[in-house]
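Novice: Please work out how this folds:
(chains A and B)
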Number of protein chains: 2
Amino acid sequence: MEFGHITLRQIDFKTKIQSSDQFPLFCALVKMDSKQFREAAKQLVDYICDYHDNIRDRDVLPAVQPYFLEKQMPGSAPENGEPWTSVFNDIEKLIMPGVNKVMKQRQEHMRTEQKIFKGRMKLERMTHWHSPRFHAYFPTASSYPAILADMLSGALGCVGFSWISSPICTELEMSMMDWLGKMLHLPSEFLFSSHGKGGGVIQEAASESTLICMLAARSRAITKYSSSSSPKNKSPLNKLVAYCSTQAHSSVEKAALLSAVKIRSLDPDTNLSLRGETLERAIKDDREKGLIPFFVAASLGTTNSCAFDNIIEIGQIYIWLHIDAAYAGSAFICPEYRHYLNGVDKADSFNMNPHKWLLVNSDCSALWFVSLFKIIDLNTNISNLD
Amino acid sequence: MEFGHITLRQIDFKTKIQSSDQFPLFCALVKMDSKQFREAAKQLVDYICDYHDNIRDRDVLPAVQPYFLEKQMPGSAPENGEPWTSVFNDIEKLIMPGVNKVMKQRQEHMRTEQKIFKGRMKLERMTHWHSPRFHAYFPTASSYPAILADMLSGALGCVGFSWISSPICTELEMSMMDWLGKMLHLPSEFLFSSHGKGGGVIQEAASESTLICMLAARSRAITKYSSSSSPKNKSPLNKLVAYCSTQAHSSVEKAALLSAVKIRSLDPDTNLSLRGETLERAIKDDREKGLIPFFVAASLGTTNSCAFDNIIEIGQIYIWLHIDAAYAGSAFICPEYRHYLNGVDKADSFNMNPHKWLLVNSDCSALWFVSLFKIIDLNTNISNLD
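Specialist: Below you'll find the model as predicted:
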C-alpha cells in the first residue's frame, strides 16, 4: 500500500492554478483517495476500539521526562510525504507504544481464541484521561457516539460563521441549544423558540464564556456611563469593577485582567457560598469610592471546592449576572438537582459544559444569553474613549 | 441493531457513584460498546467517502429559508435515547437529504455497473465548502488524512493544558510547530529547538492570535510605562495606540476594541502595502499628542485584497510587531515565495493558518513568539492600575 503521499512542490504547483480549495483536488494532492481512506479509516476504527477495550491495562500516567520526544523525532519535516502505513507505524512507535503488541495479541486471540495478554505496558507517553483509573482534574467526556459526530463534522468541514455559510449548522446549533436549555428548564427568554432576543451559542470553554460575558457587560457599562458623564466624555473604564467569590475559577480573575477592569474576590459564607449581602456591601463600598460595579460571576459548582453561590440573593442586585455552572450544570437536568439553578431567571448569561458530564467530546461549552443583542453590540467604539 | 441508547436517569444514577468519568462507563451508559461502534463507524466511513465522491453533483448553496429546521424538529429532546440507526436516518433526512438516494444509486451501480445517476439534488440544507464548485470566502482545508488525525485525537480525548496532563500531546505540538517553522525558514528564535525563549503554539483562529499578541503587547507596555510614570501610578491604558493598514482584517480592529486600546488604520501605498514611513509619521503624530504607540499588526495577504505590508520597513520601528499571514503564510514554504517573509526576524510574533492551504481540518492557526515569556507574563496585575 502506498498512499498518504504529499509533496510540497505539488501543493505549490496546484495552488497556482486554483483559487479555491476543493476536497477532491486536495485529496488528489495527498494521494489518498476515497478507496484508500475507506481502508485506512476502518483500520483506525479497529485501533480506536482496541485502545478503549484495553485501556484498563495501561499505566494512567507516563514515566517520561520533559523533552523525551525531541531526541527521537527527525529535526525537520520530510521533503516528501510518507504513506499512511508509515505514519501509522510512527503513531504506534512514538505516540502510543504498546498498542502494536495489544493488537498483535488480539489478532492472535482471534485465531487461537486464547485469552488476551493482560500485561501492563510500561512504555506510556500519554496520560490516559479515559482510563477507569484516571482520577485527576474534572471529568472530560468522550464517547463512541461523540466520536461518530466528530467524524461527520470533520468530513463535512463547514465553517458556520454566518447563517448562509452553512444554514443547517446554524439551525442545528440553535435547535440543540434549545433542547439542552429546555432539559435544564431555563426560562424561555434564554431560548430561540421564544422568538425573543435570547438564545444559546456553543463556545469552547467556560473561561471563554466568562470573558465574552464580561466584555459584553463592560461594553454595556461604558455605553451607559459615558453618555451620562461629563461633556469631555471621559471613559469610565478605569472605574469599572467586577465581582466573584474567592472560590471562583481563576479564569474569572483572568477575564478581568484581559478586560482591563478591576475585580474583587469576595469571601463566601461558611458553606463557601457567596451571599447577596456580601456583594451588596462590596458594591456600596465601591460606589462610595466612586467606582462603577458592573458585573458579577456567580458559580454553581466551583473548581476547587464545588461551592454554590446564592444566585437567588445575588440576582436581586442590578448588575450583569453571569452564572458559571461549567461543571455542575449537567446535574440540573435531574429534577432533584434543578433547585440549585433557581434564580437563573435573574441572570443575563448562563453557561455549562456538555464536554464534562454529557458525553460530548471537547470542546463544547454551552452559553445562553437573555439578550443576544448585548453581545452583538459588544463592539463599542472604544477608540472614542479618552 | 439497537445501540446508541441513552437515558438521562442512567447518567444521573451512575454519576452519583462516580467521581471521575471513564470511557468504558460512559460507553456503557450510552449503550454503545466497541463492537457496535466498530460497525457504526465503518458505516460512517463509507458515508463520508460517498459524500465526497458525489459532492460535485450537489448544489453548492441551499435554497432554504431561515428557520426552516425549527418546523421539522421535535421541540425538545427525547426523554429516552434513540439507537444509532435512528440518529443516522435523521442525519440523512434532516441534515443531508439526498445522500440516501446517492447511496442507493451507488449500491445499485455496484450491482448493475450502470452509470451513477448524476441528477442534481434540489434538497440541500448545507453549504458544501468542499465542492469543486464552491468559490466563496477563503479556502478552508479538509482532507482524508486530516479526518484520520481528528478521529484518533477524538478517541484519545486528552486535554493538554499542561505538560503532565499529556506529555506526548505537548511535545508533539512543540515538535510539529518546529517542523512547520523550519519549513517557513523562521529565524531560530521562534523555534523550541534553539532552546531559547521562543516557540510556537496552536490557536484556533488568526483573530485569536492577533488578540493574544495585542494583549501581551498591552501588558508589556503597561508594565513599562506604569513604572516610569508619576508616583500616582496612573494607568497608561487610555494612551495606548495600536496600528494596522486599512486593508487589515476586521479582527485587528476588533482586538483593539476588546483590549480597550485605540487603533489607527493607516493608508497603504498604491500597491496596498503599508509602508514604514507612514507608520513612522503616525507614531510621531501620536507621540506629540501624548499617546503611547505600542503595537502594529502587519498583514501578509490580507482578506479583502491579499495585500502585503512592507514588514522590512515596519520592522525598523520599535513597537511590538505582529505579522498576520493567516492566508498567504502557507505559500512561504516555497522558496520562490519565501522572500515575502523577509523581515520576520524583527517580529515579536507571527501567525499563519494551516487550516487554509495546508490540508489540516479547522481549527488550526499556528502562532510563534520570539519570547513565550511575554505571553506567560500577560497576567499583568491590572487591578493596581488607576
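Novice: what comes up buried for the helix or strand harbouring A:Ala256?
Specialist: A:Ala256 is part of helix A:250-259, with elements assigned from DSSP states H and E. For helix A:250-259, the buried set under the neighbour-count rule, 16 or more other C-beta atoms under 10 Å in any protein chain shown, comprises A:Ser251, A:Val252, A:Glu253, A:Lys254, A:Ala255, A:Ala256, A:Leu257, A:Leu258, A:Ser259. Any C-beta I mention is one placed from the backbone N, CA and C, and that applies to glycine too.
Novice: Leaving out the residues flanking it, which one is nearest to the third one?
Specialist: Going back to what we said before, that points to A:Glu253. Among residues not flanking A:Glu253 along the chain, A:Ile263 sits closest, at 5.7 Å (C-beta to C-beta, 6 or more residues apart in numbering or on different chains).
Novice: for the helix or strand containing that neighbour, packing partners?
Specialist: In the assignment (DSSP H and E), A:Ile263 maps to strand A:262-266. If you count contacts as 3 or more C-beta pairs under 8 Å, 6 or more residues apart in numbering or on different chains; DSSP states H and E, strand A:262-266 packs onto strand A:240-245, helix A:250-259, helix A:276-288.
Novice: How is chain A divided into domains?
Specialist: Listed domain ranges for chain A are A:8-136, A:158-384 (source: automatic domain parsing).
Novice: Comparing the ones you listed by mean pLDDT, which bottoms out?
Specialist: Mean pLDDT is lowest for domain A:8-136 among the domains of chain A, at a mean of 74.
Novice: For chain A, which segments count as helices?
Specialist: A:8-16, A:23-29, A:34-53, A:84-90, A:99-112, A:144-156, A:167-183, A:206-227, A:250-259, A:276-288, A:311-314, A:354-357, A:373-376 (DSSP state H).
Novice: Mean neighbour count, those: which tops it?
Specialist: Highest mean neighbour count of the helices of chain A: helix A:354-357, a mean of 24 (counted as mean count of other C-beta atoms under 10 Å in any protein chain shown).
Novice: mind giving me CSV with the helices of chain A and columns for distance to B:Pro167?
Specialist: Below are the helices of chain A laid out as CSV (distance: least, C-beta to C-beta, whole Å):
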stretch, distance to B:Pro167
helix A:8-16, 30
helix A:23-29, 32
helix A:34-53, 17
helix A:84-90, 17
helix A:99-112, 17
helix A:144-156, 23
helix A:167-183, 34
helix A:206-227, 23
helix A:250-259, 23
helix A:276-288, 42
helix A:311-314, 39
helix A:354-357, 22
helix A:373-376, 38
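Novice: among these, which is nearest B:Ser365?
Specialist: Nearest to B:Ser365 among the helices of chain A is helix A:206-227 (15.3 Å), distances taken as C-beta to C-beta.
Novice: tell me what the helix holding A:Ala256 is packed against?
Specialist: Using 3+ C-beta pairs under 8 Å, 6+ apart: helix A:250-259 touches helix A:206-227, strand A:240-245, strand A:262-266, helix B:250-259.
Novice: With distance to B:Leu94 added, can I get the ones you listed in JSON lines?
Specialist: Shown next, in JSON lines, are the helices and strands packed on helix A:250-259 (distance: least, C-beta to C-beta, whole Å):
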{"stretch": "helix A:206-227", "distance to B:Leu94": "28"}
{"stretch": "strand A:240-245", "distance to B:Leu94": "41"}
{"stretch": "strand A:262-266", "distance to B:Leu94": "44"}
{"stretch": "helix B:250-259", "distance to B:Leu94": "33"}
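Novice: if I look at A:Ala248, how far off is A:Glu208?
Specialist: Per C-beta to C-beta, to the nearest Å, A:Ala248 is found 15 Å from A:Glu208.
Novice: What's the local residue count around the residue nearest to A:Glu253?
Specialist: Using other C-beta atoms under 10 Å in any protein chain shown, A:Ile263 has 22 other residues around it.
Novice: Contact partners for it?
Specialist: A:Val241, A:Ala242, A:Tyr243, A:Cys244, A:Val252, A:Glu253, A:Ala256, B:Ser383 (C-beta atoms under 8 Å, 6 or more residues apart in numbering or on different chains).
Novice: again, only using 10 Å
Specialist: A:214, A:240-244, A:248, A:252-257, A:295, A:297, B:382-383 (C-beta atoms under 10 Å, 6 or more residues apart in numbering or on different chains).
Novice: again with A:Lys284
Specialist: Applying C-beta under 10 Å, 6+ apart, the residues near A:Lys284 are A:Pro293.
Novice: distance of it from A:Glu277?
Specialist: Applying C-beta to C-beta to A:Lys284 and A:Glu277 gives a distance of 11 Å.
Novice: try A:Val296
Specialist: For A:Val296, the distance to A:Glu277 equals 13 Å [C-beta to C-beta].
Novice: shared neighbours of those two, anything?
Specialist: Joint contacts of A:Val296 and A:Glu277 (C-beta under 10 Å, 6+ apart) are A:Ile314.
Novice: in the lengthiest strand in chain A, what's buried?
Specialist: Longest strand in chain A by number of residues (criterion: DSSP state E): strand A:292-299. By 16+ other C-beta under 10 Å, the buried positions in strand A:292-299 come out as A:Ile292, A:Pro293, A:Phe294, A:Phe295, A:Val296, A:Ala297, A:Ala298, A:Ser299.
Novice: Mind listing the residues bridging to the last one?
Specialist: On the basis of DSSP bridges, A:Ser299 is bridged to A:Asp324.
Novice: now do the first one
Specialist: A:Ile292 has the following beta-bridge partners by DSSP bridges: A:Leu240.
Novice: can you pull the contacts of it?
Specialist: Neighbours of A:Ile292 in contact, by C-beta under 10 Å, 6+ apart: A:221-222, A:224-225, A:236-241, A:261-262, A:283, A:286, A:319.
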